[in-house]
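Trainee: Got a predicted structure here, sequence first:
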Amino acid sequence: MSASAHRPVGRRTLVLGTAAAAGAAALGGPPTATAASTATTAAFGWSDEGTHYRVDTGANLVFKVSKSNGDLTSLVYRGTEYQGYGGKNSHIESGLGSSTVTLRQSGSTILISVAYGTLRHYYAARSGEDNVYLWTEKADDSVTATRFILRVKAGLFRNDEPDSYTYAPTAIEASDVFAKPDGQTRSKHFSKLRVTDYTHVGWSSGGVGLWLVRSNHEKASGGPFYRSLLRHQSADGGGLYEILYYGQNQTEAQRFGLQGPYVIAFTDGGAPSPSLYPGTLTTPWADSLGIPGYVGASGRGRVAGVGIIGRDTAYPYTVGLANAAAQYW
């Protein structure tokens with residue numbers, strides 16, 4: 001997503017389904033899956049467990065999504081459950097409440113669609129990958145902010161990263177800024193990193209890496225230098241965040257439309273594959289699905305010839321392009 005000559009400017013959206021309210025016909029593909037067609041093998045596939053959809057990626061990852069509210073309720077990698085703390089699930093916002101949740105499989109992709117009022121949220125799995133792809137679409141401000149929080153069980157990762165806030169015994173401003181014993185302070189809402197400074201956040205321990213790879217923020221708000229909540233650690237567990245619109249010290253109006261993908265990625269301890277990074281990720285396998293709001297590679301524009309004549313090359317610079325509909329840099 002960094003500005004460079006001849007780099008495609010685009011949103012690598014992978015949406016494979018549309019809102020449940022639009023009906024299966026709008027998908028232009030197979031009808032919504034039913035229990036009668038449930039996959040029964042341990043290979044790539046899915047099952048309807050009554051209250052949840054269970055998806056096996058055919059690799060090392062199995063996850064579940066609630067059929068009542070679209071929460072991510074289980075995230076099992078190599079037999080270990082990583083999702084959840086304090087009785088809370090992972091979800092968009094702070095949980096959506098009663099939603100319409102549907103699933104369909106299209107070849108090597110399984111897509112779960114969540115409809116809550118005018119908001120749409122999606123999870124998808126690709127055969128043989130230890131990843132979950134997510135997107136969020138907002139049509140209006142009926143849901144205040146736009147964030148996804150991945151809640152991670154306590155005791156699995158205990159890294160006090162410099163861009164993470166950590167609950168401490170002393171709160172020095174409301175309940176959001178904490179004093180640490182060594183004199184440092186940590187703010188819940190103000191990360192060390194600007195959006196342009198990172199591609200992913202997460203942890204690595206014991207030969208397992210768990211990461212949340214950010215989207216390109218095409219329809220997010222705040223620009224390349226905006227800072228917001230990224231991750232936290234505390235006694236009850238940890239949280240990883242993708243913030244697309246944040247109400248704290250926001251510098252721009254909210255943008256609406258399809259946002260993503262952002263990716264939950266498991267690894268053998270190393271960083272996620274650069275092929276998942278914003279500016280690198282491409283999804284030609286999603287181009288022909290006919291998803292409202294999706295723009296394939298052939299429909300994307302390009303930026304060429306960006307530069308500043310006579311600039312001091314000892315200092316980095318950023319060129320930003322933005323309007324009411326989108327932002328790039």
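Mentor: Right, received. Where do you want to start?
Trainee: quick one, strands of the stretch 201-329 of the chain?
Mentor: In the stretch 201-329 of the chain, the segments counted as strands under DSSP state E, counting those that start in this stretch are 208-213, 231-234, 237-245, 257-267, 301-303, 321-322, 327-328.
Trainee: Comparing these, which yields the minimum mean pLDDT?
Mentor: Ranked on mean pLDDT, the bottom entry among the strands of the stretch 201-329 of the chain is strand 301-303, at a mean of 77.
Trainee: Buried ones in that one, by neighbour count?
Mentor: Applying a neighbour-count criterion of 16 or more other C-beta atoms under 10 Å, one finds residue 303 buried in strand 301-303. (Each C-beta comes from the backbone N, C-alpha and C, glycine too.)
Trainee: who does it touch, helix- and strand-wise?
Mentor: Other helices and strands packing on strand 301-303, by 3 or more C-beta pairs under 8 Å, 6 or more residues apart in numbering; DSSP states H and E, are strand 7-9.
Trainee: is the most centrally placed residue in the chain in a bridge, and if so with what?
Mentor: Closest to where the C-alpha atoms of the chain average out (C-alpha atoms, centre = their mean) is residue 262, at 3.3 Å. Note on residue 262: beta-bridge partners by DSSP bridges are residue 134.
Trainee: one step back: ok, which of the strands of the stretch 201-329 of the chain comes nearest residue 110?
Mentor: strand 257-267 (14.4 Å; C-beta to C-beta).
Trainee: how about low-confidence regions in the stretch 101-250 of the chain?
Mentor: The stretch 101-250 of the chain contains residues with pLDDT under 70 at 159-165, 167-169.
Trainee: quick one, helices of it?
Mentor: Taking DSSP state H, counting those that start in this stretch to define them, one finds no helices in the stretch 101-250 of the chain.
Trainee: mind checking how far residue 57 is from residue 191?
Mentor: Between residue 57 and residue 191 the distance is 30 Å, computed by C-beta to C-beta, to the nearest Å.
Trainee: So those two - more neighbours on which side?
Mentor: residue 191 (25 against 22; other C-beta atoms under 10 Å).
Trainee: Excluding chain neighbours, what is closest to that one?
Mentor: Closest residue to residue 191 apart from its sequence neighbours, by C-beta to C-beta, 6 or more residues apart in numbering: residue 230 at 4.5 Å.
Trainee: Please work out how many residues are found near the one you found.
Mentor: Using other C-beta under 10 Å, residue 230 is surrounded by 25 other residues.
Trainee: That one against residue 199, yeah?
Mentor: No. The pair formed by residue 230 and residue 199 falls short of the contact definition of C-beta atoms under 8 Å, at 11.8 Å.
Trainee: Surely the residue nearest to the centre of the chain is in contact with residue 214?
Mentor: Yes. Assessed by C-beta under 8 Å, residue 262 is found in contact with residue 214 at 5.6 Å.
Trainee: anything in contact with each of the two?
Mentor: Common neighbours of residue 262 and residue 214, counting by C-beta atoms under 8 Å, 6 or more residues apart in numbering, are residue 242.
Trainee: how far away is the residue nearest to the centre of the chain from residue 308?
Mentor: For residue 262 relative to residue 308 (C-beta to C-beta), the value is 31 Å.
Trainee: Repeat that for residue 127.
Mentor: The gap separating residue 127 from residue 308 is 45 Å, by C-beta to C-beta.
Trainee: Looking at those two, which is more packed in?
Mentor: Legend: neighbour count by other C-beta under 10 Å for residue 127 and residue 308, higher for residue 127 (16 against 9).
Trainee: How about the contacts made by that one?
Mentor: When contacts are counted by C-beta under 8 Å, 6+ apart, residue 127 touches 44, 57-58, 108-109.
Trainee: rerun at 7 Å
Mentor: 44, 57-58, 108 (C-beta atoms under 7 Å, 6 or more residues apart in numbering).
Trainee: Phi, psi for it please.
Mentor: phi -60, psi 130 (degrees, to the nearest 10).
Trainee: how near is it to residue 105?
Mentor: Remark: distance between residue 127 and residue 105 (C-beta to C-beta) = 10 Å.
Trainee: Which pLDDT value does the model give residue 1?
Mentor: 35.
Trainee: which residues touch the closest residue to residue 204 other than its chain neighbours?
Mentor: Leaving out its chain neighbours, the residue that sits closest to residue 204 by C-beta to C-beta, 6+ apart is residue 269, at 4.9 Å. Contact partners of residue 269, counting by C-beta under 7 Å, 6+ apart, are 204, 207-209.
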